[in-house]
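# just need the structure, nothing else, for what follows:
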Amino acid sequence: MDWLKVYEYFSDLPEKEQHRLFDAMKDTLFPAPKIHGVLGDIREAKFSGGLACLHCGSMSVKRNGKYRGRQRYLCKDCNKTFNDLTGTPMAGTHKPNLWLKYFELMVEGYTLPKIVERLNIHISTAFYWRHKILNALRSLGNIQLSGIIESDETHFLESEKGRKGGIPHRHARKRGRKVTDEKKEQRKRGISKEQVSIVVAHDRNGNIICQMGGRGRIRAEEIDKVIGGHISPSSLLCTDSATNYKKFAKMKGLTHEILPRGKHVLKSVYHIQHVNSFHSRLKQWMDRFQGVATKYIDNYMFWFRFLELHKKLEHTDRQKKMLLDTCKRANFTTIQQFRIA
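You can find the predicted model right below:
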């Protein structure tokens, strides 16, 4: 049977089955790499400063045989052992090769139900794997901003998604409902404490900080906690006319260009269009998750920030970049810690 005969029947399949057939053909023709093929790159990313114990930091380390094809090491000071995957999201996994496919789906921004369908794993496993990866990305922290820095905040509805035992500070909302005044049973206007503020700072070199600052209207002190330690003193801050940024700029001694209300560009140079565009893309990207629990929202901010910083890379290079970045710093977050969070 030639391919034309097969293709004749392709259009008769439901759309879902067409996608499954396409994925099956792609996996057959372009199989995902095995974990052993990237161990060398992981080792180089983890031990770029020299081989050291992941538990105590000692440089007095020797080889200690192999287990399932992976080199093990023994620390002469603390007598603990480790391998190339210790302290990474993949540590202790029973399905190391499946993780490489998972990273590919993370780069594509797949939701949990779609990941479950593609990888045939339990949804709780997909959830824990996602947050082990995002915790590792988040542990790398933020980068220094310099030059002209645009900053503004955006807001998401506070969510206690997944919480058991009730919500102590407000009545539960049905999914999709807006913030309402419980006494007057009407929609609240403006920014309330039931919204979380996401501070975004973007310099003209393409560096980005995107992190939760607080609830309701954000204060200068909260802005300082998010971006204050990551701004070069010689930088110029460009914002709208909000008083919180005026106070923040004064606190940090920064040169501050303020866009008057209704004006988009000042002196043909100063604007916050990069930040506003980032807000728009972030909101659109977040819609697919149908609400994110506030306690996890910073993880999603670091996820989107990673995708934005590396959007010019080829898909396979972004996948590899995400994998290696999550392995750079030892992170021993366990599933049990997620369960009690």
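
# host element of the most centrally placed residue in the chain?
What sits nearest the mean C-alpha location of the chain, by Cα atoms, centre = their mean, is residue 303, with 1.7 Å. Using DSSP states H and E, residue 303 sits in helix 297-309.

# next: residue 200.
strand 195-203.

# list the contacts for residue 152?
200, 239, 240, 272, 275, 276, 279 (Cβ atoms under 8 Å, 6 or more residues apart in numbering). C-beta here means a position set from N, CA and C on the backbone, and glycine is covered the same way.

# excluding chain neighbours, what is closest to the residue nearest to the centre of the chain?
residue 134 (5.5 Å; Cβ to Cβ, 6 or more residues apart in numbering).

# ok, now residue 112?
residue 126 (4.9 Å).

# low pLDDT regions in the stretch 101-250 of the chain?
In the predicted model, the stretch 101-250 of the chain carries pLDDT under 70 at residues 165-166, 168-169, 174-190.

# quick one: what helix or strand has residue 212 in it?
strand 208-215.

# residues in contact with that strand?
142-143, 145, 153, 158, 193-202, 222-223, 225-227, 230, 278, 282, 294, 297-298, 301-302, 304-305, 308-309.

# that one pairs with which strands?
strand 195-203 (antiparallel) (DSSP bridges).

# next, the angle from the strand it pairs with to helix 297-309.
Interaxial angle of strand 195-203 relative to helix 297-309 (axes from the mean of the first three to the mean of the last three Cα atoms, to 10 degrees): 30 degrees.

# quick one: strand 195-203 to chain centroid distance?
Relative to the centre of its chain, strand 195-203 is centred 14 Å away, using Cα atoms, centre = their mean, to the nearest Å.

# one step back: then the strand holding residue 200 to PDB, C-alphas only?
C-alpha atoms of strand 195-203 as PDB (Å, rounded to 0.1, in the frame of the first residue of the first chain):
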ATOM      1  CA  GLN A 195      -6.600  40.700  42.500                       C
ATOM      2  CA  VAL A 196      -2.900  40.000  42.500                       C
ATOM      3  CA  SER A 197      -0.400  42.500  41.000                       C
ATOM      4  CA  ILE A 198       2.300  41.300  38.600                       C
ATOM      5  CA  VAL A 199       5.200  43.700  38.300                       C
ATOM      6  CA  VAL A 200       6.900  43.600  34.900                       C
ATOM      7  CA  ALA A 201      10.100  45.400  34.100                       C
ATOM      8  CA  HIS A 202      11.700  45.300  30.600                       C
ATOM      9  CA  ASP A 203      14.900  47.000  29.500                       C
END
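
# all strands for the stretch 151-300 of the chain, in order.
Using DSSP state E, counting those that start in this stretch, the strands of the stretch 151-300 of the chain run over 180-181, 186-187, 195-203, 208-215, 236-239, 255-258.

# quick check: closest non-adjacent residue to residue 98.
Residue 98 sits nearest to residue 119 (Cβ to Cβ, 6+ apart), 6.0 Å away.

# should've said residue 108
Counting by Cβ to Cβ, 6+ apart, the residue nearest residue 108 is residue 315, at 8.0 Å.

# cool, and residue 143?
Nearest to residue 143 is residue 207, by Cβ to Cβ, 6+ apart, at 5.3 Å.

# quick one: contacts for that neighbour?
Taking Cβ under 8 Å, 6+ apart as the test, what residue 207 contacts is 143, 144, 145, 146, 309.

# if I look at residue 25, how far off is residue 98?
According to Cβ to Cβ, to the nearest Å, residue 25 stands 19 Å off from residue 98.

# show me which of these two is the more surrounded one.
With neighbours defined as other Cβ atoms under 10 Å, residue 25 and residue 98 compare such that residue 98 has more, 17 against 10.

# pretty sure residue 10 sits against residue 20.
No - applying Cβ atoms under 8 Å as the test, residue 10 and residue 20 come out as separate, 11.7 Å apart.

# just to revisit the earlier point, which ones among the contacts of residue 207 map onto helices?
Counting by DSSP state H, the part of the contacts of residue 207 found in helices is residue 309.

# most widely separated two among the contacts of residue 207?
146 and 309 (15.6 Å; Cβ to Cβ).

# any chance of the strands of the stretch 151-300 of the chain in a markdown table, plus mean neighbour count?
A markdown table is the format used below for the strands of the stretch 151-300 of the chain (neighbours: other Cβ atoms under 10 Å):
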| stretch | mean neighbour count |
| --- | --- |
| strand 180-181 | 13 |
| strand 186-187 | 10 |
| strand 195-203 | 23 |
| strand 208-215 | 20 |
| strand 236-239 | 23 |
| strand 255-258 | 16 |
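
# got those strands as CSV, with distance to residue 330 columns?
Shown next, in CSV, are the strands of the stretch 151-300 of the chain (distance: least, Cβ to Cβ, whole Å):
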stretch, distance to residue 330
strand 180-181, 46
strand 186-187, 47
strand 195-203, 28
strand 208-215, 22
strand 236-239, 35
strand 255-258, 39
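
# who wins for proximity to residue 63 among these?
strand 208-215 (40.5 Å).

# which stretches of the protein form helices?
Going by DSSP H, the chain shows helices at 3-10, 15-29, 39-46, 96-107, 112-119, 123-138, 220-227, 243-252, 273-286, 297-309, 315-325, 335-340.

# many thanks, I have nothing further to ask.
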